[in-house]
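1. Could you work out the structure for the sequence below:
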Amino acid sequence: MRSLFITLFLLCLSNSFCSAISPVNDNTIKEAQNYGRVHRASSLENFFAPWAAYEENAQKLDEQTEHAYLYTPFLLVASNAREHALVDQTVSLADSHKLIQLYSGYLTFNVTLLGSTPHFSETNTCVLSTNNKTISYYQASEPEITKTTWYPNPPLYKANHYFYFLANQINLEKPITLIVNTADKREHKFYFNLSNIK
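-> Residues are numbered from 1 along each chain as shown. Sure, this is the predicted structure:
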């Protein structure tokens, strides 16, 4: 369901084509499809691990750690192939090319934050910091805020955000830091070394 939401949301943003992190060609798509099929039984945390960053001040890495995922074309194709493999379906090259076009031109981040009130992240700012340059997001989804699975133990609430940045404003060979400031006056930082991400 979340994949459908993201796809519909991005359809409204753009139909232009621009490769992001990895070069988009048939070989890359086949590699991504294979990753999705081979790792279909992996937990989501393990599946997304190569594209994940944890909040820089995290004391431990577990389900209570704030994190962000960078959706590259490779991950988009791999995720789609995984979803299809889980129901014994395959994905064609043409289908994967269409999917990539929906997301082209953007760096898309899925950010999970934790807080003590249901409104802790309703108003926030989000920027990318790279090469002494600050880049504001182009578009953002409304946060999905739910009680945590360990409620009533703190932190009580989880917020899931999607932030979209124009890829042509970013040097895709340089490290970036995603910085989110939430309504509860906290700053959350996530470091990505783009040169190491497919």
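
2. low-confidence ranges in this structure?
-> 1-23 (pLDDT under 70).

3. residue ranges of the strands in it, please?
-> 52-54, 67-71, 106-115, 125-130, 133-136, 139-140, 144-147, 157-166, 175-181, 187-193 (DSSP state E).

4. Save the ones you listed as TSV, and put in mean neighbour count too.
-> Glycine gets a C-beta too; all of them are placed from N, C-alpha and C. Shown next, in TSV, are the strands of the chain (neighbours: other C-beta atoms under 10 Å):
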stretch	mean neighbour count
strand 52-54	18
strand 67-71	22
strand 106-115	22
strand 125-130	18
strand 133-136	13
strand 139-140	16
strand 144-147	14
strand 157-166	21
strand 175-181	19
strand 187-193	17
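
5. Looking at those strands, spot the one closest to residue 26.
-> Proximity to residue 26 (C-beta to C-beta) singles out strand 67-71 among the strands of the chain, at 20.3 Å.

6. what residues does stretch 118-128 touch?
-> Identification of contacts with stretch 118-128 by C-beta atoms under 8 Å, 6 or more residues apart in numbering yields 107, 111, 113, 115, 134-137, 140, 143, 145, 157, 159, 161, 163, 165, 170, 176-184.

7. next one: it to chain centre, how far?
-> Between the centre of stretch 118-128 and the centre of its chain there are 16 Å (C-alpha atoms, centre = their mean, to the nearest Å).

8. can you tell me the distance between the two ends of it?
-> Length of stretch 118-128, first residue to last, C-alpha to C-alpha, to the nearest Å: 25 Å.

9. Could you do stretch 91-109 as well?
-> 24 Å.

10. Buried ones in it, by neighbour count?
-> By 16 or more other C-beta atoms under 10 Å, the buried positions in stretch 91-109 come out as 91, 95-97, 99-109.

11. so how far is it from its chain's centroid?
-> Centroid displacement of stretch 91-109 relative to its chain, using C-alpha atoms, centre = their mean, is 14 Å.

12. Kindly report the same for stretch 33-43.
-> In terms of C-alpha atoms, centre = their mean, the centre of stretch 33-43 is set 17 Å apart from its chain centre.

13. now swap in stretch 112-127 and tell me
-> That offset, for stretch 112-127, works out to 16 Å (C-alpha atoms, centre = their mean).

14. Equivalent analysis for stretch 50-65, please.
-> Averaged C-alpha coordinates place stretch 50-65 at 14 Å from its chain's average position (C-alpha atoms, centre = their mean).
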